[in-house]
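Colleague: Sequence first, then the predicted structure:
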Amino acid sequence: MPLSAESLTKQFIRESKNANCFSAVDDVSLRLEEGTVTVLTGRSGGGKTTVLNMMSGLLAPTKGRVLLDDSDIYSLADKELSRLRNRRFGVIPQGQTAIHSLNVMQNIMLPYTLYNERADEDTLKRAEELLERLDIAGLSASKPAELSGGELRRMAIARAVIKKPDFIFADEPTGDLDDENTKTVFEFLRSAADEGAAVLIVTHEECAAAYADRVMKMASGKIV
Amino acid sequence: MNGFKNLTVKSLLGKPVRTIVLVLLTALLTLTVLDGSLTQTSLEKGIDSLEARLGADVMVVPYSATTKQKFEDMVLQGSTGYFYMGKNYVEEISQIEGVGEVSAQFFLASASSSCCSLPVQIIGYEPETDFTISPWVKKSYGKKLDTYDVVVGNDLNAFVGDSLYFYGVKVNVAAKLEKTGTSYDTTVFTNSDTIKELIRSSLELKMNDFVDVDPDNVVSCVLINVADGYNPEEVTNNINLHVKKVKAIQTKEMISGVADSLSGVSSVIGILIGAVWVLGAVIMLLAFTMSVNERKKEFAVLRVLGASRGKLASLVMKEALLTGIVGSAAGTLIALVVMVGFGGLIEDLLGLPFLLPSAGAVAGYAAAAIVLTIVTGAAAAAVSAFRISRIDTGVILRGDN
Ligand SMILES: Nc1ncnc2c1ncn2[C@@H]1O[C@H](COP(=O)(O)OP(=O)(O)OP(=O)(O)O)[C@@H](O)[C@H]1O
Ligand SMILES: [Mg+2]
């Protein structure tokens, strides 16, 4: 089942300009199909993060809808939308996003603990496998403060996919990583799509195109 | 395994110093509120108890006993002393207009030398006329006191069945009184026959300050209840006007000095409780605001992972409740240890009648202090909880790292 954005517009208040309102995203439509990787590139300030946030249920659009199973996710109450994000969306935000009081394994299991869900045998096995695949198996008991930037990013990826989400959103997942780490991350996201997920990657990396089914470019709030 | 609660504990343990400070602060708040209010109540109960024990409208003592503050100190501070006036005064006083019930009392202080087991105040009453002490003795000892029987105050180191010696005379402890919080807790009571024996013996041993008194012809103090239709003030004035060399004192008047200092101490304690409470609330407000601000990004991450706004708020509240419960439990424990362990010291320090309420009432105060502390902490945290629930995930995650 695809997730489709229909004519998404997001206006922000900006007092420094003459008009006190400007459109960060202007009439953008986008479909995320299962089993595919969509890459969104473009100049800084073009509105990519804003689109990703709206599609992942974190930012209500000013106009337009985000349809999942034929209903607008923003028509749901916050509680239901949150539950939906927890179950079916996996978001890898920009920057470092570890919870510092928890170790790596506990961070990865957060989508479960957040709803008091008991992780069964299979889930724990899946967590171990993810750590192996992302090459951070030896760090599962370490605290985030002891990890490098690349290791933290891979931890965030494992956390985003632990519940096998239908939709994966990655906002510049390789922003501060070296070439080798960049390759690992893109390969991992590609394989997640091959296993059935719909993946949206916002990135500046040229090489991302090699892993994508579709590449789109944004400028001044529009897809070009 | 409760994952979310686990997260609460983890984030508290993740910042041990801040958590310890918060717990200590909460404990201090409970301690102040509980011990402060217990002290206030104990003082109030003490003065009620004192009023009940005095049990007479007017007391008449030799004039010399009042000039040196001796009598008031004996009643209020628990110092020991004795003085005598002729027995004829009892008759004379009972003739005064407005005087109703009349009963004489006899005082003696035991010495600290080898002749006496304990240095205490001894009060003798006349069983036939007494209306102040015997009703109260009856509560602990159903029978009439025989000669050489004594009843001891609750704080004295003597127990039923013990024998005590006063000026070489052996007396038996027939009963121990319940606690009153007044000077009566360190007093020994006897009937008039017994105390006359003790006075006689002290005179024979030349250990009495008075040399030429005849125990059968003196009394120390006359207690009076006024007759119906008269008020204690006018009866007091009548006696002072018509009877020479004695001083009539209205018991209300005597207590009013104590009541004044009590209300003084009580308001100081009240101000102290208020100040600590306001200070505690402000510090908690700041602590929770800082703690949540510091972790804004972590809360945004939880939101990205599917936490609802309500869940973020409840996480903050759970941290506050957990510190509140641990802190106020610790505070209550310390408060009770202080109160029970050092109650006597507080009593001595304040120099006011002091009577702890019953265990049940103390438990009630403890529960109220715990609830007040937890509610204060929760209210302080609620501000941060509300703010974090309004969080704009997009804006926060945008900020570099
Ligand atoms: N909460 C906000 N309030 C006001 N303006 C905002 C807000 N969020 C984004 N903007 C503005 O909207 C525009 C698009 O922002 P967005 O973050 O989507 O860009 P981007 O394409 O992700 O850029 P980059 O590649 O640098 O991450 C920018 O001009 C930004 O300043
Ligand atoms: Mg961006």
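Modeller: Thanks, I have it. Ligands and ions are numbered 1, 2, ... in the order given.
Colleague: Which strand or helix spans whichever residue of the stretch 301-401 of chain B sits closest to ligand 1?
Modeller: Of all residues in the stretch 301-401 of chain B, residue B:395 sits closest to ligand 1, at 4.9 Å by C-beta to the nearest ligand atom. From N, CA and C alone the C-beta is placed, and that goes for glycine too. Secondary-structure element containing residue B:395, defined by DSSP states H and E: helix B:393-398.
Colleague: residues making contact with that helix?
Modeller: Outside of helix B:393-398, the residues within contact range by C-beta atoms under 8 Å, 6 or more residues apart in numbering or on different chains are A:49-50, A:53, A:58-59, A:93-95, A:97, B:296-297, B:300-301, B:303-304.
Colleague: farthest pair in those residues?
Modeller: The span of these, defined through C-beta to C-beta, is set by A:50 and B:296 at 20.0 Å.
Colleague: Between those two, which is the more surrounded one?
Modeller: More crowded of residue A:50 and residue B:296, by other C-beta atoms under 10 Å in any protein chain shown: residue A:50, with 23 against 16.
Colleague: For that one, give me the pLDDT.
Modeller: For residue A:50, the pLDDT comes out at 94.
Colleague: My guess is residue A:65 contacts residue A:76. True?
Modeller: No. Contact criterion C-beta atoms under 8 Å: residue A:65 and residue A:76 do not qualify, at 12.0 Å.
Colleague: Can you get me a residue count around the nearest residue to residue B:87 once chain neighbours are set aside?
Modeller: Excluding its sequence neighbours, the residue lying closest to residue B:87 (C-beta to C-beta, 6 or more residues apart in numbering or on different chains) is residue B:217, at 4.9 Å. Number of residues near residue B:217 (other C-beta under 10 Å) recorded here: 10.
Colleague: Please tell me how far residue B:217 sits from residue B:290.
Modeller: According to C-beta to C-beta, to the nearest Å, residue B:217 stands 79 Å off from residue B:290.
Colleague: Please apply the same query to residue B:367.
Modeller: The gap separating residue B:367 from residue B:290 is 30 Å, by C-beta to C-beta.
Colleague: any idea which helix or strand comes after the longest helix along chain A?
Modeller: In chain A, assigned by DSSP state H, the helix with the most residues is helix A:179-194. Next helix or strand after helix A:179-194 toward the C-terminus (DSSP H and E): strand A:198-202.
Colleague: Just the mean pLDDT for that following strand, thanks.
Modeller: Averaging pLDDT along strand A:198-202 yields 97.
Colleague: ok, is it in contact with chain B or not?
Modeller: No. When contact is scored as C-beta under 8 Å from any C-beta of the partner chain, no part of strand A:198-202 falls within range of chain B; the minimum is 12.6 Å.
Colleague: For chain A, which residues are neighbours of ligand 1?
Modeller: For chain A, the residues found near ligand 1 under the criterion C-beta under 6 Å from any ligand atom are A:12, A:14, A:24, A:44-50.
Colleague: Show me what the residue nearest to the spatial centre of chain A bridges to in the sheet.
Modeller: Among the residues of chain A, the one closest to the centroid is residue A:169, at 2.2 Å (C-alpha atoms, centre = their mean). Assessed by DSSP bridges, residue A:169 has beta-bridge partners residue A:91, residue A:200.
Colleague: Pull the contacting residues for it.
Modeller: By C-beta under 8 Å, 6+ apart, residue A:169 lies in contact with A:52, A:55-56, A:89-92, A:200.
Colleague: can we see that at 10 Å?
Modeller: A:3, A:32, A:51-53, A:55-58, A:85, A:89-93, A:160, A:198-202, B:304 (C-beta atoms under 10 Å, 6 or more residues apart in numbering or on different chains).
Colleague: in chain A, which spans are strands?
Modeller: For chain A, the strands defined by DSSP state E cover A:3-13, A:21-32, A:37-42, A:63-68, A:71-72, A:89-92, A:167-171, A:198-202, A:214-219, A:222-223.
Colleague: can you check the stretch 51-200 of chain B too?
Modeller: In the stretch 51-200 of chain B, the strands defined using DSSP state E, counting those that start in this stretch lie at B:58-62, B:85-86, B:99-109, B:121-125, B:149-152, B:163-166, B:169-176, B:187-191.
Colleague: does the closest residue to chain A within chain B sit in a helix, a strand or a coil?
Modeller: Closest to chain A within chain B is residue B:306: 2.4 Å, counting by C-beta to the nearest C-beta. What DSSP: H, G, I helix; E, B strand; the rest coil gives for residue B:306 is coil.
Colleague: Could you check how far it is from residue B:227?
Modeller: Distance of residue B:306 to residue B:227, given as C-beta to C-beta: 84 Å.
Colleague: Repeat that for residue A:206.
Modeller: On the measure of C-beta to C-beta, residue A:206 and residue B:227 end up 112 Å apart.
Colleague: Low-confidence regions, the stretch 251-400 of chain B specifically.
Modeller: B:399-400 (pLDDT under 70).
Colleague: can you map out the helices along it?
Modeller: Shown for the stretch 251-400 of chain B, the helices assigned by DSSP state H, counting those that start in this stretch span residues B:251-294, B:296-304, B:309-350, B:359-389, B:393-398.
Colleague: pretty sure residue A:72 is in contact with residue A:54, am I right?
Modeller: No. If you go by C-beta atoms under 10 Å, residue A:72 and residue A:54 don't touch, sitting 11.5 Å apart.
Colleague: Of the two, which one has the most company?
Modeller: residue A:54 (28 against 13).
Colleague: show me what contacts the more buried one?
Modeller: Applying C-beta under 10 Å, 6+ apart to residue A:54 gives the contacts A:5, A:8-10, A:24-25, A:28, A:30, A:47, A:60-62, A:64-66, A:73-74, B:394.
Colleague: just to revisit the earlier point, which parts of the helix holding residue B:395 are buried?
Modeller: B:393-394, B:396-398 (16 or more other C-beta atoms under 10 Å in any protein chain shown).
Colleague: do stretch A:215-224 as well
Modeller: A:216, A:218, A:221, A:223.
Colleague: Which pair of those residues spans the longest distance?
Modeller: A:216 and A:221 (13.2 Å).
Colleague: quick one: common contacting residues for the two?
Modeller: Common contact partners of residue A:216 and residue A:221 (C-beta under 10 Å, 6+ apart): A:28, A:42, A:48, A:51.
Colleague: For ChimeraX, write the select line for the buried members of the residues you listed.
Modeller: Per 16+ other C-beta under 10 Å, the buried members of the shared contacts of residue A:216 and residue A:221 correspond to this ChimeraX selection:
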select /A:28,42,48,51
